[in-house]
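Colleague: Whatever this is, show me its structure:
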Amino acid sequence: MTDSHTSSLALPDGQWPTLEPGWVWLCGAGPGDPGLLTLHGLNAIRQADVIVYDALVQSAILDWARDDAELIYAGKRGGKPSAKQKDISLRLVDLAEAGKRVLRLKGGDPFVFGRGGEEAQTLVQHGIPIRIIPGISAGIGGLAYAGVPVTHRDVNQSVTFVTGHDQSGNTPNTLDWDAISRGSQVLVIYMGMKHIGRITQALLDAGRPPEEPVAVVAEATTPAQAVLETTLANVEADIAASSLEPPAIICVGRSVLMRQVLDWQGMAKGEAPRNLDPLGRGRPAEQR
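Modeller: Numbers count the residues shown, from 1 in each chain. Just a heads-up that it's a prediction; the model follows:
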């Protein structure tokens, strides 16, 4: 870490909170792009004695830490050796009790499938004062970088966020896929690639149409971002035939079609929109 990383990152004038010794702040780092970190997140990083960070936190964000800050990796990735959640939570307690200014830095938002609630509860039960700093969740920000709006008036008045695996690593068996299928026009699935076959079959069995559009956004908001556009019937085979790897967000619903006109990253590279009216409304967007 060098002064060049920190000297140009002065916070705007304002009443920024102070990270006191013995406190733990749980902060969302956003979906990947360092520019999506909030100012509260930057303020926390600049003060922390210790940063306990997850696998999806970009190294460029960690570069903004103080030169003398201790960085502790606590990433959890499916199918790979990972720290146990109990050990991570209790490590935070130990660091705070040692009088450290502790930042728990998590990808996305700590309270969206990020186990932030578990860690925060452990800290409070041990008498550790906490602060929660929300972050941009990949299910919203990651899809936006792919040109897919999670809500669009011509498509949906509801959106459901679902995790693709439970605490055991299996597809959640407590989810009522029939109710989810009926109740939400757009589904956003986190951590769903491993069990995509079971998930898609459950949705098809629940009555979702096989031709329903699906987008798979891997490494969202990073330079390695890749997007697969497919259908519910074909997504399992198309993922298998692709080079996509987790982490990925999967979106199911007609809002995926909007990528044909809203692929802003493609347009920034000189690509023309594929379809100015992907929903077939037959009139300009401003004409409701």
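
Colleague: Could you use CA atoms for every contact and neighbour count after this?
Modeller: OK.

Colleague: Check which helix or strand A237 maps to.
Modeller: In this assignment (DSSP states H and E), A237 forms part of helix 235-241.

Colleague: Same question for that helix: list its buried residues.
Modeller: In terms of neighbour count (16 or more other CA atoms under 10 Å), helix 235-241 has its buried residues at V235, E236, D238, I239.

Colleague: ok, the last one to Y73 distance?
Modeller: Spelled out, it's I239. Counting by CA to CA, to the nearest Å, the gap from I239 to Y73 is 30 Å.

Colleague: Then the second one?
Modeller: In this view, E236 and Y73 are 32 Å apart by CA to CA.

Colleague: Likewise for the third one?
Modeller: Computed with CA to CA, the distance linking D238 and Y73 is 33 Å.

Colleague: Endpoints of stretch 148-165, how far apart?
Modeller: Termini of stretch 148-165 sit 23 Å apart (CA to CA).

Colleague: and what of stretch 139-148?
Modeller: By CA to CA, the extent of stretch 139-148 from end to end equals 10 Å.

Colleague: and what of stretch 266-280?
Modeller: 22 Å.

Colleague: Just the buried positions in that stretch, please.
Modeller: D277, P278, L279.

Colleague: which outside residues touch the helix ranked longest in the chain?
Modeller: The longest helix of the chain (DSSP state H) is helix 85-97. Residues outside helix 85-97 that contact it (CA atoms under 8 Å, 6 or more residues apart in numbering): P21, G22, W23, V24, A74, V102, R104, E119, T122, L123, H126, I128.

Colleague: Sitting in strands, which of the residues you listed do you find?
Modeller: V24, V102, R104 (DSSP state E).

Colleague: which residues of the stretch 51-200 of the chain score low on pLDDT?
Modeller: Counting by pLDDT under 70, the ranges of the stretch 51-200 of the chain that qualify are 77-81, 166-172.

Colleague: Tell me which stretches of it form strands.
Modeller: 70-73, 102-106, 130-133, 159-163, 186-190 (DSSP state E, counting those that start in this stretch).

Colleague: Go through the ones you listed and pick out the most buried.
Modeller: strand 102-106 (a mean of 29; mean count of other CA atoms under 10 Å).

Colleague: Run me through the strand neighbours of that one, direction for each.
Modeller: Using DSSP bridges, the strands paired with strand 102-106 in its sheet are strand 24-28 (parallel), strand 50-53 (parallel).

Colleague: Tell me which of those strands lies nearest to G139.
Modeller: Between G139 and those, the tightest spacing by CA to CA is seen for strand 24-28, at 13.3 Å.

Colleague: what about that closest one, average pLDDT?
Modeller: Strand 24-28 shows a mean pLDDT of 98.

Colleague: now it, how far from the centre of its chain.
Modeller: Chain-centre distance of strand 24-28: 15 Å, with CA atoms, centre = their mean, to the nearest Å.

Colleague: Same question for stretch 99-109.
Modeller: Computed by CA atoms, centre = their mean, the chain-centroid distance of stretch 99-109 equals 16 Å.

Colleague: repeat for stretch 190-199
Modeller: The answer for stretch 190-199 is 16 Å, by CA atoms, centre = their mean.

Colleague: As a markdown table, the strands of the stretch 51-200 of the chain with distance to T38 would be great.
Modeller: Formatted as a markdown table, these follow (distance: least, CA to CA, whole Å):
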| stretch | distance to T38 |
| --- | --- |
| strand 70-73 | 20 |
| strand 102-106 | 12 |
| strand 130-133 | 9 |
| strand 159-163 | 22 |
| strand 186-190 | 22 |
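
Colleague: Tell me the one among the buried residues of helix 235-241 nearest to T221.
Modeller: For the buried residues of helix 235-241, the nearest to T221 is I239 (19.3 Å; CA to CA).

Colleague: For that closest one, give its distance to L143.
Modeller: For I239, the distance to L143 - CA to CA - is 17 Å.

Colleague: Same check on L123?
Modeller: 32 Å.

Colleague: Neighbour count for those two, which is higher?
Modeller: L143 (27 against 21; other CA atoms under 10 Å).

Colleague: contacting residues for the more buried one?
Modeller: Contacts of L143 by CA under 8 Å, 6+ apart are P149, V150, V217, A220, I249, C251.

Colleague: about what we covered before: export the ones in strands among the contacts of helix 85-97 to CSV and append columns for distance to N43.
Modeller: Formatted as CSV, the ones in strands among the contacts of helix 85-97 follow (distance: CA to CA, whole Å):
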residue, distance to N43
V24, 14
V102, 13
R104, 13
